[in-house]
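# Need the 3D shape of this:
(2 chains)
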Protein chains: 2
Amino acid sequence: MALVQPASRRPADSSVLPTASSTPAAGETGIDALVGLVAGDMERVNALILSRTGSDVQMIPEVANHLIGSGGKRLRPMLTLAAAGHFGYGGDGHVRLAASVEFMHTATLLHDDVVDESDLRRGKPAARMVWGNQASVLVGDFLLGQAFKMMVEVGSLTALDILSDAAAVIAEGEVLQLSAAKHVDTTEETYTEVIRAKTAALFKAAAEVGPVVAGRDGEERRAFADFGLALGYAFQLVDDALDYGGSSAALGKRVGDDFREGKVTLPVILAYGAGDDAERAFWKRAIETGGGADADLARALDLLDRHGAIAATLARAEAHGAAAKAALARLGPSTYRDALAAVVDFTVARSH
Amino acid sequence: MALVQPASRRPADSSVLPTASSTPAAGETGIDALVGLVAGDMERVNALILSRTGSDVQMIPEVANHLIGSGGKRLRPMLTLAAAGHFGYGGDGHVRLAASVEFMHTATLLHDDVVDESDLRRGKPAARMVWGNQASVLVGDFLLGQAFKMMVEVGSLTALDILSDAAAVIAEGEVLQLSAAKHVDTTEETYTEVIRAKTAALFKAAAEVGPVVAGRDGEERRAFADFGLALGYAFQLVDDALDYGGSSAALGKRVGDDFREGKVTLPVILAYGAGDDAERAFWKRAIETGGGADADLARALDLLDRHGAIAATLARAEAHGAAAKAALARLGPSTYRDALAAVVDFTVARSH
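Numbers count the residues shown, from 1 in each chain, chains lettered A, B, ... in the order given. Coordinates of the predicted model:
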């Protein structure tokens, strides 16, 4: 199974970052350093993932491996491994927690595809297109159950508390996003709450359980939690900007998936807020009735550009990136800390 | 919110048993004794359930309370309360674990309705018909997350182990059931594995965490686990018999939902196994192509009767009921133990 694959062409897939095996462009070395540092641990995570998707019920490994084996950079579990590695942790609890984090993420993707009625995931047909919505729902549930089993095996009630809280928050954020869908007058505050819950909460939890499994608490734990949260915000903001082509429309990626699905992300919120009556009427019609004709997308891109909505979204991402690096600066020096700082740079830079 | 309501007219809803407030028929006193014994604790469970479905995201309490407040006897959480009560447990851990068990069950129902494309649940429109499949998937995930949070709060790694294992097993069973759907040549062995996983595992876990939270292990824990597992088997077997009218077709309940959905339950497996070529061809066509015309259902009921398939299914339920009572007999005497024994009698008797 190829666990590391070239980046997908679909920007809406938050998990896919360019990989060590793809031709490096400027800034990509950031993630390479992290990949190299945790390579040994990551092999153990991958082996654990494979063994934990095993089941006599044939459909389970089929569906799970379709998604888990289809690329994705495994950034979230790498955060757990690096945060534990920073403290020189030598056990195997971080491997189980990292696999749990990846299972939670994968379960979310499986359920998201059902909720969004997505056809594609990581450039392949979504699992629901191959095995049906039913299998996607149930295999997601199975992975969630396995995630909790692995967490319990680690035996840290604090880590369990952090990750179970994240699970509830993520689901709450997904429901909030569903409620806000196609409402073009969604506020930036609501949007921020959605991305905190659906994306930043798992980044935070993934980073925070690193010090916890290494027996650290207090300021060191808080610093990693703050780092993960800020990185998660930056990651999602960039993702949402990239869905409209980022700072350049020439990335060759498919643009406008969020637009076609009626998702109200920050670029739209900002352009809507800055628009005149005619523009607001356009956004309202385009987002609420959906469809997303090419002419509509062209006009949307023009309005986003005219009001500087992408640049403003990326500026917020950069601010969160700076906050993430400030959190890292509260920790003692280590190669892990440096590699995580480079990941922040890369996360923000991938929009250029 | 009416937490106890008259029994639904839909036999396929496994959670609905006749209640204390409905006119008692023979055997119903069995559950009344349990309801009375745990009434005080159950009020605390209900208050906890209400508070834990609270969310600023309006759709969450709406969807959750639609289902949680719509009846259902809360048999599973009562098992937890009674099993802890048997040991004179005086803390509040059993209340949290009981609420967790109910949330796990409710999450399963929400996801099941999406998987089965059900229109009705407990005689009301299924949540997915009111709020959509998306909300059912995501609110189910939210309840699962809250369930784990409550378990973590109890602080028992053993209880967490039991319940997280059940969560994974339940999902695995649901996938197995999905794989077996419309396959009329499903073996009794596979069927038994499905009901063990999708129903009996949660009954088992619900009963087993009672002694665990009360600080008991070993034989007492095993006795409650064995009791819960056997009761769960009996419960599901009776449910599957009732879907074809039980031992009498005159219950006034809607009959044949499983048949129409192409679910291969034990009555069908037994009649198929005992049938001649023409009968097997009939079952194959009726189950695999689905639809379930009235004439097909009439013929199915006739074949089930001719081969004694309902009686044979109920005989298996009675055997599991006997096993459940034998497990209880391994425990010391208590009013809780007697009330649980009466629940076994009632569970088996409700088919007559």
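# near chain B at all, stretch A:288-304?
No: using C-beta under 8 Å from any C-beta of the partner chain, stretch A:288-304 stays clear of chain B, with a minimum separation of 14.6 Å. Yep, even glycine has a C-beta here, placed from its N, CA and C like the rest.
# Can you give the distance from that stretch to the centre of its chain?
Centroid displacement of stretch A:288-304 relative to its chain, using C-alpha atoms, centre = their mean, to the nearest Å, is 25 Å.
# Please apply the same query to stretch A:282-296.
Remark: stretch A:282-296 is offset 26 Å from the chain centroid, using C-alpha atoms, centre = their mean.
# Determine how far the last residue of that stretch lies from the first.
One end of stretch A:282-296 to the other measures 8 Å (C-alpha to C-alpha, to the nearest Å).
# Neighbours of the residue of the stretch 1-150 of chain A found nearest chain B, how many?
Using C-beta to the nearest C-beta, the single residue of the stretch 1-150 of chain A nearest to chain B is A:Gly145, 3.1 Å away. Neighbours of A:Gly145 under the rule other C-beta atoms under 10 Å in any protein chain shown: 25.
# List the residues that contact it.
Applying C-beta atoms under 8 Å, 6 or more residues apart in numbering or on different chains to A:Gly145 gives the contacts B:Ser164, B:Asp165, B:Ala167, B:Ala168, B:Val169, B:Ile170, B:Ala171, B:Glu172.
# Excluding covalently adjacent residues, which one is nearest to it?
Spatial nearest neighbour of A:Gly145, chain neighbours left out: B:Ala168 (3.1 Å); criterion: C-beta to C-beta, 6 or more residues apart in numbering or on different chains.
# pretty sure the one you found contacts A:Leu138?
No: assessed by C-beta atoms under 8 Å, B:Ala168 is found out of contact with A:Leu138, at 11.4 Å.
# The two: who's more crowded?
The neighbour comparison of B:Ala168 against A:Leu138 (other C-beta under 10 Å) goes to A:Leu138, with 31 against 23.
# Check what pLDDT A:Arg337 gets.
For A:Arg337, the pLDDT comes out at 97.
# Now do the same contact list for it.
By C-beta under 8 Å, 6+ apart, the contact set of A:Arg337 is A:His86, A:Leu328, A:Leu331.
# that older thread, got the phi and psi for the residue nearest to A:Gly145?
phi -70, psi -40 (degrees, to the nearest 10).
# about what we covered before: out of the contacts of A:Gly145, which is most surrounded?
Busiest of those [other C-beta under 10 Å] is B:Ala171, holding 29 neighbours.
# Tell me the spacing between A:Ala126 and A:Gly132.
Per C-beta to C-beta, to the nearest Å, A:Ala126 is found 11 Å from A:Gly132.
# swap in A:Ile31?
35 Å.
# Please identify which of those two sits among more neighbours.
A direct count of neighbours by other C-beta under 10 Å for A:Ile31 and A:Gly132 places A:Ile31 higher, at 24 against 16.
# what about the strands in the stretch 201-350 of chain A?
With DSSP state E, counting those that start in this stretch, there are no strands along the stretch 201-350 of chain A.
# packing partners for the strand or helix carrying A:Asp112?
Assigned by DSSP states H and E, A:Asp112 belongs to helix A:93-116. Helix A:93-116 is packed against helix A:39-52, helix A:59-68, helix A:75-86, helix A:127-131, helix A:133-154, helix A:157-180, helix A:201-213, helix B:127-154, with contacts defined by 3 or more C-beta pairs under 8 Å, 6 or more residues apart in numbering or on different chains; DSSP states H and E.
# which is the next helix or strand following the helix or strand bottoming out on mean pLDDT in chain A?
Every helix and strand in chain A was compared by mean pLDDT, DSSP states H and E; the lowest is strand A:120-121, with a mean of 68. Note on strand A:120-121: by DSSP H and E, the next helix or strand toward the C-terminus is strand A:124-125.
# avg pLDDT for that following strand?
On average, strand A:124-125 scores 74.
# Which neighbours in the sheet does it have, and how are they oriented?
strand A:120-121 (antiparallel) (DSSP bridges).
# and the nearest residue to A:Arg306 once chain neighbours are set aside, how many neighbours?
Take A:Arg306 and drop its neighbours on the chain: the residue closest to it by C-beta to C-beta, 6+ apart is A:Ala271, 8.0 Å away. Using other C-beta under 10 Å, A:Ala271 has 28 other residues around it.
# okay, stretch A:339-352 in CSV with CA atoms only?
The C-alpha trace of stretch A:339-352 is given here as CSV (Å, rounded to 0.1, in the frame of the first residue of the first chain):
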residue,chain,number,x,y,z
ALA,A,339,10.4,21.0,12.1
LEU,A,340,6.9,22.0,13.4
ALA,A,341,7.8,25.7,12.8
ALA,A,342,8.7,24.8,9.3
VAL,A,343,5.3,23.1,8.9
VAL,A,344,3.6,26.3,9.9
ASP,A,345,5.6,28.2,7.2
PHE,A,346,4.7,25.6,4.7
THR,A,347,1.0,25.6,5.6
VAL,A,348,0.7,29.3,5.1
ALA,A,349,3.0,29.4,2.0
ARG,A,350,1.2,26.7,0.1
SER,A,351,-1.3,29.3,-1.0
HIS,A,352,1.3,31.2,-3.0
